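In: Quick one, fold the following:
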Amino acid sequence: MERMTKDLQERNTTTEHDSSELIETAKKAAGNWRKFESFGWSRARELDEPENWTIVYTHHRDSRLLDQSNAAAIQETLRPFLDVDDPDIIEEHHGHWAYGWVDGYAIRVFRHGEVTQAFRTYQEILDSLDNYPVLDEEDYSRREYEATMENFDSAVSGIRYEYELPEDWKEEVFRWFWQHDQRAVENRDDCGGYPSEEQFEAAFTALGYPRTEE
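Out: You can find the predicted model right below:
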């Protein structure tokens, strides 16, 4: 993640001439928010030349793990443009009738007639996603694991009290699944693993968890 951020910033810093493709993309992006249906952007009244800004979204209330992870990676990459005076990127949080809320950024596309480094960096991120859908493998894997561990509570609820489970049973069972039945913790619908009761019973038996007395 840090290497990706550094590479993008260095590449943009040394860019002297924008390609015709980037300029065309920038022209199409600038003022895109004016074409949104049933949308009012109050911030437009606060900005100089709001027509030179674009609005992009990274995730929403119901986003699954990959979008959440990529959104965090995008935020980290764009952070240098956020923590400055007169920024070229502003975080946005909007209400949406279907998704509850959507988060993203307002990005200044042109400043003094030139494509901003902020917009170049965002386009580099999109290019990276076109080549490979995960921006930060470590972060995504961590989210998969944490979601799976959270899913254990509901997945095991039907047989939870049929066994005497130790305090750290989740960690032990996950390790057993990883070694003996990885399908049990395979990411489902990008919401983490969700083992069946039969898979839990196999793990409990193999780990020697005693059944509770009737």
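In: which intervals of the chain have sub-threshold pLDDT?
Out: 1-17, 214 (pLDDT under 70).
In: And the residue most central in space within it, its phi and psi?
Out: Geometric centre of the chain, nearest residue: residue 68, 2.4 Å, by C-alpha atoms, centre = their mean. Per-residue torsions, residue 68: phi -60, psi -40 (degrees, to the nearest 10).
In: Which stretches in this structure count as helices?
Out: 2-13, 20-29, 65-82, 117-131, 137-155, 169-180, 197-206 (DSSP state H).
In: can you pull the contacts of the residue nearest to the centre of the chain?
Out: Contacts for residue 68 (C-beta atoms under 8 Å, 6 or more residues apart in numbering) come out as 59, 143. Quick note: C-beta positions are derived from backbone N, CA and C, even for glycine.
In: Kindly reformat the helices of the chain as a markdown table containing distance to residue 55.
Out: Output for those, formatted as a markdown table (distance: least, C-beta to C-beta, whole Å):
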| stretch | distance to residue 55 |
| --- | --- |
| helix 2-13 | 21 |
| helix 20-29 | 9 |
| helix 65-82 | 14 |
| helix 117-131 | 12 |
| helix 137-155 | 25 |
| helix 169-180 | 40 |
| helix 197-206 | 44 |
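In: quick one, which of these is nearest to residue 162?
Out: Evaluated over the helices of the chain, closeness to residue 162 peaks at helix 197-206, with 8.6 Å, by C-beta to C-beta.
In: Just want the angle from the closest one to helix 169-180.
Out: 100 degrees (axes from the mean of the first three to the mean of the last three C-alpha atoms, to 10 degrees).
In: With just CA atoms, put helix 197-206 into PDB.
Out: Output in PDB follows, covering the C-alpha atoms of helix 197-206 (Å, rounded to 0.1, in the frame of the first residue of the first chain):
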ATOM      1  CA  GLU A 197     -23.400 -26.500  11.400                       C
ATOM      2  CA  GLU A 198     -22.100 -29.800  10.000                       C
ATOM      3  CA  GLN A 199     -18.700 -28.200   9.400                       C
ATOM      4  CA  PHE A 200     -18.700 -26.800  12.900                       C
ATOM      5  CA  GLU A 201     -19.600 -30.200  14.400                       C
ATOM      6  CA  ALA A 202     -16.700 -31.800  12.500                       C
ATOM      7  CA  ALA A 203     -14.300 -29.200  13.900                       C
ATOM      8  CA  PHE A 204     -15.700 -29.400  17.400                       C
ATOM      9  CA  THR A 205     -15.300 -33.200  17.400                       C
ATOM     10  CA  ALA A 206     -11.800 -33.100  15.900                       C
END
